[in-house]
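Undergrad: Quick check, what structure comes out for this input:
(one chain, ligands or ions: 2)
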Amino acid sequence: MKVTSMPSTSNAIPSNAMPPPAASTGRSSRIAPHSHIKGLGLNAEGFAMADSAGFVGQESAREACGVVVDLIKSRKFSGRALLLAGAPGTGKTALALAVAHELGSKVPFCPMVGSEVYSVEVKKTEVLAEAFRRAIGLRIKETKEVYEGEVTELTPAEAENPLSGYGKTVSHVIVGLKTVKGTKQLRLDPTIYEAILKEKIVVGDVVYVEANTGAVKRVGRSDAYASSYDLESETYVPLPKGEVHKKKELVQDVTLGDLDAANARPQGGQDIMSVMGGLVKTGRTEITEKLRREVERVVKGYVDQGVAEVVPGVVFIDEVHMLDIECFTYLNALLESPMAPTVILATNRGKALVRGTTDVYSPHGIPLDLLDRCLIVKTESYAREQVAKVVQLRATVEGLALGEGVLDRLAQEGEKGSLRYALQLLTPASILATLAGRKEINVEDIGEMNELFLDAKTSAGMIGDKGGFNGGSA
Ligand SMILES: Nc1ncnc2c1ncn2[C@@H]1O[C@H](COP(=O)(O)OP(=O)(O)O)[C@@H](O)[C@H]1O
Ligand SMILES: [Mg+2]
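TA: Ligands and ions are numbered 1, 2, ... in the order given. Now for the predicted structure:
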């Protein structure tokens, strides 16, 4: 797959609309540590397929995560917790991200790291509570009168500015909309023109305008303008069917966290968030527990009327041993609240001191009462062949060519040190290869890297008995 820059839209810019964001030319996409992971790679029966979706080995953990995905999708897992436990570099974070992939973009997934709760300004428990609220989605269905179609014309009409002698203002804007059935020309208010500019709408986009609020929404770019790239950020949609002016069922996805924030700081406006933000009339600017309950009550009303649907999502807390005892007790309470999402925790600790206490040692650094509520999945260390496969995957993603024997050598390092160490050698070795004018990474490059850098175990081994760094000669 190749990521290419957006096609030039210069022919589609209306007379004086704001220019579209400059299409960056020749920008290469950043490669994140987990960008080779595309999902859990399970078959229809829920069994792990060998080396699929970027995942190598780790079969039982993947299958366990698959069961959790199914439970989340059928909404039977909310208020429960899954704990991924295993050594560093065994794919715990990768598994959680794969779960997010499998759930799709409609199910809220809210990742955080244990240490995120420590803030000077916000209470620890508040950070957790907010993450939980952001992981509960609300799908709101409403039938609205809209004008929908592909934009064929976008002409702002200008008038003299009555307030100052200089400059002009937009008095109205003419928008032409086209559907399969017909076309229509709308004359819209200048405030709607601002919304059009904000959404960066140009000729050729499919949009709809809500008849009674004037809110404008861009659906995507019309199929007719589709390009032949394999992958790009644009979504293409077919030309809308039916008349331009019609009733349309709109589905909006918001989270309880969005609603809390909108109600704490009501702003006024026409889009869905502002309207929903006026649900609870308050002058408050802080999200209090009371506000949350009120939002919940209103939401429940909507659910009872059949207007909205609750979509419980996932909170992922990586490095969960970084939470302290206060957070853990609060987590217990959150898990038992009526609107709780699924919780996935990850840790690489064995028996450890629970943070915030002086004498409570417990498995994974998690107090027993929370541990009791968790299903625990263990991630296994990798064998040499598996390390080799992951290294090969990463090399492909990063666009590096490996010379003969390199894979073997790296797999050996990975088995001796860790998978992460083997992966980390890849990039500096490629720089060495480039410096030497080679396209491929050679075994010598890896050897040289090994002399320059240490893996964690070797480094720890070199620290002598006295705890100093004396090169292992102590
Ligand atoms: N089974 C696997 N298949 C493919 N890549 C893996 C696998 N396990 C780990 N990785 C990759 O190895 C690196 C380290 O894994 P990570 O999930 O960050 O480990 P952990 O969170 O357990 O410390 C990441 O780049 C990850 O994508
Ligand atoms: Mg991790």
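Undergrad: in this protein, which helix or strand is least confident?
TA: helix 272-277 (a mean of 62; mean pLDDT, DSSP states H and E).
Undergrad: Toward the C-terminus from that helix, list the very next helix or strand.
TA: Downstream of helix 272-277, the first helix or strand assigned by DSSP states H and E is helix 289-305.
Undergrad: elements contacting that following helix?
TA: strand 136-160, helix 256-264, strand 308-312 (3 or more C-beta pairs under 8 Å, 6 or more residues apart in numbering; DSSP states H and E). C-beta here means a position set from N, CA and C on the backbone, and glycine is covered the same way.
Undergrad: most packed of the ones you listed?
TA: The highest average neighbour count among the helices and strands packed on helix 289-305, using mean count of other C-beta atoms under 10 Å, belongs to helix 256-264 at a mean of 21.
Undergrad: can you dump the C-alpha coordinates of that helix into CSV?
TA: Provided in CSV are the C-alpha atoms of helix 256-264 (Å, rounded to 0.1, in the frame of the first residue of the first chain):
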residue,chain,number,x,y,z
LEU,A,256,-21.0,11.0,28.0
GLY,A,257,-17.7,12.8,28.5
ASP,A,258,-18.6,15.2,25.6
LEU,A,259,-22.0,15.8,27.1
ASP,A,260,-20.5,16.5,30.6
ALA,A,261,-18.1,19.0,29.1
ALA,A,262,-20.7,20.7,26.9
ASN,A,263,-23.1,21.1,29.8
ALA,A,264,-20.4,22.4,32.1
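Undergrad: what angle sits between it and strand 308-312?
TA: In terms of direction (axes from the mean of the first three to the mean of the last three C-alpha atoms, to 10 degrees), helix 256-264 departs from strand 308-312 by 120 degrees.
Undergrad: Helix or strand: which one has the nearest residue to Gln386 once chain neighbours are set aside?
TA: Closest residue in space to Gln386, ignoring its immediate chain neighbours: Gly57 at 4.2 Å, by C-beta to C-beta, 6 or more residues apart in numbering. Under DSSP H and E, no helix or strand contains Gly57.
Undergrad: And Gly57, its phi and psi?
TA: phi 60, psi -150 (degrees, to the nearest 10).
Undergrad: Was I right to think it contacts Tyr382?
TA: Yes - with contact defined as C-beta atoms under 8 Å, Gly57 reaches Tyr382; the gap is 6.1 Å.
Undergrad: Can you report how many residues neighbour the residue nearest to Thr90 when sequence neighbours are not counted?
TA: Leaving aside its sequence neighbours, Thr90 sits nearest to Thr379 (C-beta to C-beta, 6+ apart; 4.0 Å). Other residues within reach of Thr379, judged by other C-beta atoms under 10 Å, total 23.
Undergrad: related to what we said a few turns ago, redo the helices and strands packed on helix 289-305 as TSV? Include distance to Tyr208 and mean pLDDT.
TA: Listed next are the helices and strands packed on helix 289-305 as TSV, based on distance: least, C-beta to C-beta, whole Å; pLDDT from 0 to 100:
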stretch	distance to Tyr208	mean pLDDT
strand 136-160	4	87
helix 256-264	21	84
strand 308-312	20	88
